[in-house]
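**Student:** structure here, sequence nowhere to be found:
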């Protein structure tokens, strides 16, 4: 085996060792890869939030109904005021 093959083999072995170290402790190397522990914590938190959350509510229909009632009350007040002034 010539020197070039040995150099390539050493280079690849070194890279593999570094990759294995990062994969074993991704948080320690700030690699951008989340560790299993961090993912499990996130999953637990998502489950907790899901348990206490409620489905989104569309208030558009309720607001429209309230506006309609307010308009009706204003109309009735105006009518009463007109009747009293006559």
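**Tutor:** Thanks, I have the structure now. Computed from a prediction, not measured in an experiment: that's the story for all the values here.
**Student:** tell me which helix or strand the residue nearest in space to the middle of the chain sits in.
**Tutor:** Central residue of the chain (CA atoms, centre = their mean): residue 46, 8.9 Å from the mean position. In this structure, residue 46 sits in helix 36-52 according to DSSP states H and E.
**Student:** for the chain, which spans come out with low pLDDT?
**Tutor:** 1-2 (pLDDT under 70).
**Student:** next helix or strand past the helix holding residue 46?
**Tutor:** Scanning forward in sequence from helix 36-52 by DSSP H and E, the next helix or strand is helix 60-85.
**Student:** that following helix packs against which elements?
**Tutor:** Of the remaining helices and strands, none touches helix 60-85 by 3 or more CB pairs under 8 Å, 6 or more residues apart in numbering; DSSP states H and E. For glycine as for every other residue, the C-beta is placed from the backbone atoms N, C-alpha and C.
**Student:** begin at 3 from now on, thanks
**Tutor:** Will do, 3 is the new start, and the previous item becomes helix 62-87.
**Student:** how far off centre is it?
**Tutor:** Helix 62-87 has its C-alpha centroid displaced from the chain centroid by 42 Å (CA atoms, centre = their mean, to the nearest Å).
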